[in-house]
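J.: Build me a model:
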Amino acid sequence: MRTVGSSFFEDLDVSEKLKYGCDQGSAASEGYGSRMLVSEKDDTVLDWRDYFDHHTFPLSRRDPSRWPIHPPNYRNVVEEYSEQMKLLAQKLMALISESLGLPSSCIEDAVGEFYQNITVSYYPPCPQPELTLGLQAHSDMGAVTLLIQDDVGGLEVFKDGEWVIVQPLSDAIVVILADQTEVITNGEYKSSVHRAVTNSNRARLSVATFHDPAKTRRISPAPELVAKSGPRYKEVLYGDFVKSWYTKGPEGKRNLDALLL
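T.: Numbering: from 1, shown residues only. From the prediction side, this is the model:
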């Protein structure tokens, strides 16, 4: 997956990449884009990355003809990777459920059918990395994100009041729990605030596989956990949560904090 992703970003010129360009004004768009966000306060560039977003589940959303044909195995690799990441996400949700004394299917049942997106992010070398972030600090909106990265470090997680570097391991899949898992587990599991920092000398590539509920899904704490300690979060329509995330911006966990009781 890393190999085909790198090949698209590094072997094709801009005109070829733009043949797969997405509608950058739409949160639901699929394809290639370049993301540069500017701070309203001081014109500082916050994001510094190119990306390609693939819609992979449900299968009704999957249209490989929208994906690159370079290298020739690109589409087959993405399809196989998608299937394997879905299986892993299901296993993880079952283990989290069991760890809380819940039926193994509890969290997956609460999330419902996965809406899976795979985003390959390419962070070019940045001449002034102190002025940018590859990706600004945020927690993910959905249920669980599975991330792989190359050997160029850049992922940081906010822990105990400071930013901690997640050292890249070539064979590791980084599990990033997202906001809806925190709601469903009634705060027993926390979503992770993370960011990507840029590098002045080397490009960096990562692949994030997001597993989200449908926008029509209502998410609330598991009844079994509410019975023990009372609800800590309000019920939310996932589509409203996504709208808030894109309208107000992520800024850490402020959209999740708005649900706290």
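
J.: so how many other residues sit close to residue 8?
T.: Per other C-beta atoms under 10 Å, the neighbour tally for residue 8 reads 23. Any C-beta I mention is one placed from the backbone N, CA and C, and that applies to glycine too.

J.: In which helix or strand does it reside?
T.: Residue 8 belongs to helix 2-11 when elements are defined using DSSP states H and E.

J.: Flag every buried residue along the next helix or strand after that helix.
T.: Using DSSP H and E, the helix or strand that follows helix 2-11 in sequence is helix 14-18. In terms of neighbour count (16 or more other C-beta atoms under 10 Å), helix 14-18 has its buried residues at residue 17.

J.: who's in contact with the next helix or strand after helix 14-18?
T.: On the C-terminal side of helix 14-18, the closest following helix or strand by DSSP H and E is strand 31-35. Under the contact criterion C-beta atoms under 8 Å, 6 or more residues apart in numbering, strand 31-35 has outside partners 17-18, 20-22, 24, 47, 49-53, 66.

J.: Rebuild the residues you listed as a markdown table, extending it with distance to residue 114.
T.: Below are the contacts of strand 31-35 laid out as a markdown table (distance: C-beta to C-beta, whole Å):
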| residue | distance to residue 114 |
| --- | --- |
| 17 | 28 |
| 18 | 30 |
| 20 | 24 |
| 21 | 26 |
| 22 | 21 |
| 24 | 25 |
| 47 | 26 |
| 49 | 25 |
| 50 | 26 |
| 51 | 20 |
| 52 | 20 |
| 53 | 16 |
| 66 | 19 |
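
J.: which one of these is nearest residue 110?
T.: Closest approach to residue 110 among those (C-beta to C-beta): residue 53, at 25.1 Å.

J.: Can you point out the helix or strand that includes the closest one?
T.: Here residue 53, judged by DSSP H and E, is contained in strand 49-57.

J.: What strands line up against that strand, and which way round?
T.: strand 31-35 (antiparallel), strand 115-123 (antiparallel) (DSSP bridges).

J.: ranking these by mean pLDDT, which is last?
T.: Ranked by mean pLDDT, these bottom out at strand 31-35, with a mean of 85.

J.: Now do that one: distance to the chain's middle.
T.: How far strand 31-35 lies from its chain's middle: 15 Å, per C-alpha atoms, centre = their mean, to the nearest Å.

J.: and that strand with helix 2-11, angle?
T.: 60 degrees (axes from the mean of the first three to the mean of the last three C-alpha atoms, to 10 degrees).

J.: thinking again about what came up before, let me know the next secondary structure element after the strand holding residue 53.
T.: helix 74-99.

J.: That following helix vs strand 49-57, what angle?
T.: Using the same axes, to 10 degrees: helix 74-99 against strand 49-57 is 70 degrees.

J.: so which two of the contacts of strand 31-35 are the farthest from each other?
T.: 47 and 66 (23.2 Å).

J.: Would you confirm that residue 104 belongs to a strand?
T.: No: counting by DSSP: H, G, I helix; E, B strand; the rest coil, residue 104 is not found in a strand; it is coil.

J.: Wait, it touches residue 98, no?
T.: Yes: Residue 104 is within contact range of residue 98, at 5.3 Å (criterion: C-beta atoms under 8 Å).

J.: Can you say which of the contacts of strand 31-35 are buried?
T.: By 16+ other C-beta under 10 Å, the contacts of strand 31-35 give 17, 20, 22, 47, 49, 50, 51, 52, 53 as buried.

J.: show me the contacts for residue 251.
T.: 136, 137, 138.

J.: for residue 201, same thing?
T.: residue 125.

J.: and it, what pLDDT?
T.: pLDDT, residue 201: 81.

J.: Look up how far residue 217 lies from it.
T.: 43 Å (C-beta to C-beta, to the nearest Å).

J.: How about residue 49?
T.: 29 Å.

J.: do residue 123 as well
T.: Distance from residue 123 to residue 217, by C-beta to C-beta: 32 Å.

J.: before we move on, back to that, now the contacts of strand 31-35 in CSV, with pLDDT?
T.: Output for these, formatted as CSV (pLDDT from 0 to 100):
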residue, pLDDT
17, 93
18, 91
20, 93
21, 91
22, 86
24, 61
47, 64
49, 80
50, 88
51, 92
52, 95
53, 95
66, 93
